[in-house]
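**Q** Quick one, what's the 3D model for this:
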Amino acid sequence: QVQLVESGGGLVEAGGSLRLSCVASGRTFSILVMGWFRQVPGKEREFVAANPWAGSSTRYADSVKGRVTISGDFAKNTLYLQMNSLKPEDTAVYFCAAREKFGGNWAAPYEYDFWGQGTQVTVSS
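**A** Below you'll find the predicted structure:
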């Protein structure tokens, strides 16, 4: 099993920045891809970004491209999501996720094997 714990959420004004962190523990050697998703009440979980656990080839949702950077410090088993120029529509619970496969659709929540508990991001206008 892999355990994921997110942190770094909070309340920020529009145009501001936040950096989310996700610490992985347990069978981290089995992780091949990690990603960030977000969800607002009543809506489906939405892909934000994904990155190979050890490598490049990051992928971003069009809605955040240019404003968000996913990165990892694999020595610390930590994944980050740097979010800049935040907008009220970025308000959501942000989830970290990990998968043990490399292929498939990185943007699909069902492709991920492990999930964190989420951290709330609220952007005020």
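**Q** ok, and the closest non-adjacent residue to the one residue sitting closest to the centre of the chain?
**A** Centroid check for the chain by C-alpha atoms, centre = their mean gives residue 36 as the closest residue, at 1.9 Å. Nearest residue to residue 36, sequence neighbours excluded (C-beta to C-beta, 6 or more residues apart in numbering): residue 48, at 4.2 Å. For every residue, glycine as well, the C-beta is placed using N, CA and C.
**Q** same question, residue 28
**A** Residue 28 sits nearest to residue 77 (C-beta to C-beta, 6+ apart), 5.3 Å away.
**Q** how near is that neighbour to residue 27?
**A** Residue 77 sits 11 Å away from residue 27, going by C-beta to C-beta, to the nearest Å.
**Q** who's more crowded, these two?
**A** residue 77 (17 against 13; other C-beta atoms under 10 Å).
**Q** Find me the pLDDT at the more buried one, would you?
**A** Listed pLDDT for residue 77 reads 94.
**Q** now swap in residue 120 and tell me
**A** 98.
**Q** my read: it touches residue 93, true?
**A** Yes - Residue 120 is within contact range of residue 93, at 5.4 Å (criterion: C-beta atoms under 8 Å).
**Q** Looking at the two, which has the bigger crowd around it?
**A** Between residue 120 and residue 93, residue 93 has the larger neighbour count (other C-beta under 10 Å), namely 18 against 12.
**Q** Run a quick neighbour tally on the nearest residue to that one once chain neighbours are set aside.
**A** Leaving aside its chain neighbours, residue 93 sits nearest to residue 118 (4.2 Å; criterion: C-beta to C-beta, 6+ apart). Burial of residue 118 is recorded as 18 neighbouring residues (other C-beta under 10 Å).
**Q** Could you do the one 3 residues further on as well?
**A** Counted by other C-beta under 10 Å, the residues lying close to residue 121 total 21.
**Q** which residues touch the helix or strand that contains residue 35?
**A** Using DSSP states H and E, residue 35 sits in strand 33-39. For strand 33-39, the external contacting residues (C-beta atoms under 8 Å, 6 or more residues apart in numbering) are 20, 22, 24, 45-53, 70, 72, 79, 81, 90, 92-99, 101-102, 106, 109, 112, 118, 121.
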